[in-house]
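**Student:** please find the sequence and the predicted model below.
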Amino acid sequence: MALRHIVSWKFAGETREERDAHAARAIAAIEPLRDLVPSVRALSVHRNELFDGANYDVTLIADFDDEAGLAEYASHPDHLPVIDLMKGITTARAASDFTV
């Protein structure tokens with residue numbers, strides 16, 4: 001069993017191009033965490049493809065052994081700048097954590 005952490009963000013921006021630019025920055029910042037944070041067991045980031053404006057723009061799916069692994073990820077020094085980046089380019093965030 002593992003703990004799955006899913007986060008989706010809506011990006012600031014009036015146009016799809018602006019949101020695409022934010023999405024590219026976010027994905028480029030998040031993907032390296034797969035190899036930088038030891039407690040990450042799996043990590044993928046996906047750009048929404050349908051219903052632009054209605055759906056969230058980017059979704060992270062990450063797996064950890066347990067809640068302690070997620071806590072390690074949340075406070076890891078390589079993750080903290082990503083949090084700051086996301087706060088500066090997003091308008092909404094939704095998250096869910098559950099056992100798989």
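**Tutor:** Arrived safely, thanks for sending.
**Student:** what does stretch 85-99 contact?
**Tutor:** 1-12, 22, 25-26, 29, 56, 67, 70 (CB atoms under 8 Å, 6 or more residues apart in numbering). (Glycine included, C-beta is placed from N, CA and C.)
**Student:** would you mark the buried spots in that stretch?
**Tutor:** 85-86, 89-90 (16 or more other CB atoms under 10 Å).
**Student:** looking at those, which are in helices?
**Tutor:** 85-86, 89 (DSSP state H).
**Student:** which parts of the protein are strands?
**Tutor:** For the chain, the strands defined by DSSP state E cover 3-11, 42-47, 58-64, 90-99.
**Student:** mind putting those in JSON lines, mean pLDDT included?
**Tutor:** As requested, the strands of the chain are exported to JSON lines (pLDDT from 0 to 100):
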{"stretch": "strand 3-11", "mean pLDDT": "98"}
{"stretch": "strand 42-47", "mean pLDDT": "98"}
{"stretch": "strand 58-64", "mean pLDDT": "98"}
{"stretch": "strand 90-99", "mean pLDDT": "98"}
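**Student:** could you dump those strands to TSV with distance to residue 17?
**Tutor:** Written out in TSV, the entries for the strands of the chain read as follows (distance: least, CB to CB, whole Å):
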stretch	distance to residue 17
strand 3-11	11
strand 42-47	13
strand 58-64	15
strand 90-99	16
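**Student:** quick check: which of these is nearest to residue 74?
**Tutor:** strand 3-11 (9.0 Å; CB to CB).
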